[in-house]
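J.: Have a look; sequence and predicted model below, questions after that.
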Amino acid sequence: MDVFGHDLTRRQLAERTGDLSAVAGIRHVVLDDGVERGVRAIDLRTSAGLELEVLVDRAFDLGSARITGIPVGWRSGNGFRHPGLHEHTDEGGLSWLRALDGLLVSGGLDHTLFGGEVDATRYAYPPKQTVSHGLHGRLTAIPARLLEAREVVDPESGPSVLRLVGEVIQATSFGEHLRLTRTIEVDVDGREIRLHDVVDNLGFEPTPHMFLYHINVGWPIVDEGTEFVAAISRHLWQSDSVAEQGISYRTLPAPVLNMVEQVTEHELVVGPDGLHRVALLRADGALGVEVSWDPAGMPSFFEWQNLRSGQYAVGLEPSTHHVGGDGAAREDGSMIWLEHGQSREYRTTIRVLVGQAETDGARERIRALGGQPD
């Protein structure tokens, strides 16, 4: 392990400190003020300077993230609201926007994208002929059950990994009964976050499944001149605001007063390793974020630009479905239906890049796959 510039084995590190928490570790906390009061969280800290907050009571999503004290994950101003304050169907189904905060906010498990009413007769409960969905579904406001939180040491090679495992159940009588099992790993001396999600159907009716990651990056990685880098074969869809405002999806401006969000669905080129890759790179090359994931699970991808003054973020959004959402997926046959015991698997890596060599390396990896439209 590289610990503060020293190449040490796990034994050598143990000889130098009686507690791993001197250099890295896992700490259980409970947030205790304002709208966050009562939210259980776990702080992960590595010797490379990565600090990551895992929100146990908010679907095991990722809250604040920093590298050597510098923010990586976006903070919206909403705070990590206690799930008991969430109003799923309020504001015309847009109340999810009051829960949008942090590095990762997950959408699902039976619905993502914009809401509406869809058929629910498959659940054989006559009073419920339809089910109403809000933006990005119910998952965000469901507390997880913590299954594991520990350091794992490879007995052969010796590298140490900080591992968290949580389970989120989305269920109702006469409706869906889905389970998300999420594993989060970071190397003790690392700067990358590895997510492994498995969603399975515990119920006995065929159940729709949609899933989306809202990976939110803020200032100072998002800044004037920051470059969005991706190998893009074409744009599948753009919000009307793209043409109306003309703000580049490739090179970011300074904060824009009253900007309307811009969303583009990009068709990405798959790399030789079978993965999709995108990156946000500061103009000075000092910092960046690279996200890679298996498109077998999430073939679609959206870039969300919320560059409005006072908010100022970019969302990188791998998704199981195109922008049309639930209704369109049912009509065109792309909806994922899980039978009892069936599951879907998702693997994603969020890598924090530090310094010109690492940001240039990410650009070169992605550019080797292809270019991107102006």
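T.: All right, it came through fine.
J.: how many other residues sit next to the closest residue to Glu148 other than its chain neighbours?
T.: For Glu148, ignoring the flanking residues on the chain, the nearest one in space by Cβ to Cβ, 6 or more residues apart in numbering is Val165 at 3.8 Å. For every residue, glycine as well, the C-beta is placed using N, CA and C. Neighbours of Val165 under the rule other Cβ atoms under 10 Å: 18.
J.: likewise Val198?
T.: Close neighbours of Val198, defined as other Cβ under 10 Å, add up to 15.
J.: in its sheet, what does the host helix or strand of the residue nearest to Glu148 sit against?
T.: Using DSSP states H and E, the element containing Val165 is strand 160-171. Sheet partners assigned to strand 160-171 using DSSP bridges are listed as strand 145-153 (antiparallel), strand 177-187 (antiparallel).
J.: just checking, what packs against whichever helix or strand Val105 is part of?
T.: Assessed by DSSP H and E, Val105 sits inside strand 104-107. Judged by 3 or more Cβ pairs under 8 Å, 6 or more residues apart in numbering; DSSP states H and E, strand 104-107 is in contact with strand 61-67, strand 212-218.
J.: beta partners for Arg194?
T.: Glu185, Thr349.
J.: For it, which residues are in contact?
T.: Arg194 makes contact with Ile184, Glu185, Val186, Arg347, Thr348, Thr349, according to Cβ atoms under 8 Å, 6 or more residues apart in numbering.
J.: From those, pick the one nearest Gly69.
T.: Here the nearest of the contacts of Arg194 to Gly69, counting by Cβ to Cβ, is Val186; it sits at 16.8 Å.
J.: Contact partners for that closest one?
T.: Val186 is in contact with Leu44, Thr46, Leu50, Leu52, Val161, Leu162, Glu192, Ile193, Arg194, counting by Cβ under 8 Å, 6+ apart.
J.: quick revisit: let's have the contacts of Arg194 in JSON lines, adding pLDDT.
T.: Shown next, in JSON lines, are the contacts of Arg194 (pLDDT from 0 to 100):
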{"residue": "Ile184", "pLDDT": "98"}
{"residue": "Glu185", "pLDDT": "98"}
{"residue": "Val186", "pLDDT": "97"}
{"residue": "Arg347", "pLDDT": "98"}
{"residue": "Thr348", "pLDDT": "98"}
{"residue": "Thr349", "pLDDT": "98"}
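J.: one step back: please name whichever of the strands paired with strand 160-171 is nearest to Gly285.
T.: strand 177-187 (23.6 Å).
J.: any idea of the angle that closest one forms with strand 61-67?
T.: Using axes from the mean of the first three to the mean of the last three Cα atoms, to 10 degrees, the inter-axis angle of strand 177-187 relative to strand 61-67 is 10 degrees.
J.: if we can go back for a sec, most tightly surrounded among the strands paired with strand 160-171?
T.: Highest mean neighbour count among these (mean count of other Cβ atoms under 10 Å): strand 177-187, with a mean of 21.
J.: Export that strand to PDB, keeping only CA atoms.
T.: The C-alpha trace of strand 177-187 is given here as PDB (Å, rounded to 0.1, in the frame of the first residue of the first chain):
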ATOM      1  CA  HIS A 177     -41.400  -6.400  -3.900                       C
ATOM      2  CA  LEU A 178     -37.900  -5.600  -5.100                       C
ATOM      3  CA  ARG A 179     -34.500  -5.700  -3.300                       C
ATOM      4  CA  LEU A 180     -31.400  -3.800  -4.000                       C
ATOM      5  CA  THR A 181     -28.200  -5.200  -2.500                       C
ATOM      6  CA  ARG A 182     -25.300  -2.700  -2.900                       C
ATOM      7  CA  THR A 183     -21.700  -3.300  -2.200                       C
ATOM      8  CA  ILE A 184     -19.300  -0.300  -2.000                       C
ATOM      9  CA  GLU A 185     -15.600  -0.800  -2.000                       C
ATOM     10  CA  VAL A 186     -12.600   1.600  -1.800                       C
ATOM     11  CA  ASP A 187      -8.900   0.600  -1.400                       C
END
